[in-house]
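*Asks:* Just the structure for this:
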Amino acid sequence: GEQAGRQGVECEVGAVVQLQPMYATVLRRRVVRAWVGACWKTYVGRPETDQIRGVAINLLGLGLYNSERHADALSVQEAELSILRRLGADERNILATQGNLANTYEIQGRREQAIRIRRDVYSGRLKLLGEQHEETLRAAN
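*Replies:* Numbering: from 1, shown residues only. Got it, this is the predicted structure:
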C-alpha cells in the first residue's frame, strides 16, 4: 500500500476501513492525524462516486473534529454532505453525516443550527426506521 507520513503507517483500503470503529480514541494521536491527512491526499483525485474516497472524506472530517480543528472539520463535513446529497446517497449515510455536522455546529457555539439539524436527523430516522429503532431513540436525545 501507499505510505503515509514518516511513521510508515499503511494508507490503503483495508487500513481505512479498519480504522473507522476506533476513531474516537485513536484520532487524537499525532500519527493518526498525519495518516488521515495523507490518506485524504491519496484519495482526493478519485471520482466523487468512489466509495473509498467517501470513507476518506468522512475520516478526515472526524479526524479534524477530534483534533479540535472544528472550523476545518465543518468545511469538510459540509462538503461531504453536499456530495452525498448530489450523488443521491443512502439516507442513513446522509443522516449520519448530518449528525456529525450538528455536533460540530454545537461545539462551535452555533446551537440553533445544531438543533435544526438534529431535528432533521430525528425526523429522518423516525420516517426511515420507525420510532422504536435504536438509531431513532438515540437521535431523540
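*Asks:* make it CA atoms for all contacts and neighbour counts henceforth
*Replies:* Fine.
*Asks:* Show the contacting residues for the residue lying closest to Tyr105 once chain neighbours are set aside.
*Replies:* Nearest-residue entry for Tyr105: Ala114, 5.3 Å, with adjacent residues in sequence omitted and distances by C-alpha to C-alpha, 6 or more residues apart in numbering. Listed by C-alpha atoms under 8 Å, 6 or more residues apart in numbering, the contact partners of Ala114 are 101-106.
*Asks:* try it again with 6 Å
*Replies:* For Ala114, the set of contacting residues under the criterion of C-alpha atoms under 6 Å, 6 or more residues apart in numbering consists of 102, 105-106.
*Asks:* Relative to Gly45, how far out is it?
*Replies:* Relative to Gly45, Ala114 is positioned 31 Å away (criterion: C-alpha to C-alpha, to the nearest Å).
*Asks:* How about Arg53?
*Replies:* Summarising the geometry, the distance separating Arg53 from Gly45, computed by C-alpha to C-alpha, is 8 Å.
*Asks:* What of Ala79?
*Replies:* The spacing between Ala79 and Gly45, counted by C-alpha to C-alpha, is 15 Å.
*Asks:* more crowded one of the two?
*Replies:* Ala79 (15 against 10; other C-alpha atoms under 10 Å).
*Asks:* Got the phi and psi for the more buried one?
*Replies:* phi -60, psi -40 (degrees, to the nearest 10).
*Asks:* distance of it from Val44?
*Replies:* 13 Å.
*Asks:* any idea how far the residue most central in space within the chain is from Arg69?
*Replies:* In the chain, the C-alpha nearest the mean C-alpha coordinate belongs to Asn58, at 3.3 Å (C-alpha atoms, centre = their mean). Spatial separation of Asn58 from Arg69 under the definition C-alpha to C-alpha is 15 Å.
*Asks:* Repeat that for Ile117.
*Replies:* Shown here: Ile117 relative to Arg69, a distance of 21 Å by C-alpha to C-alpha.
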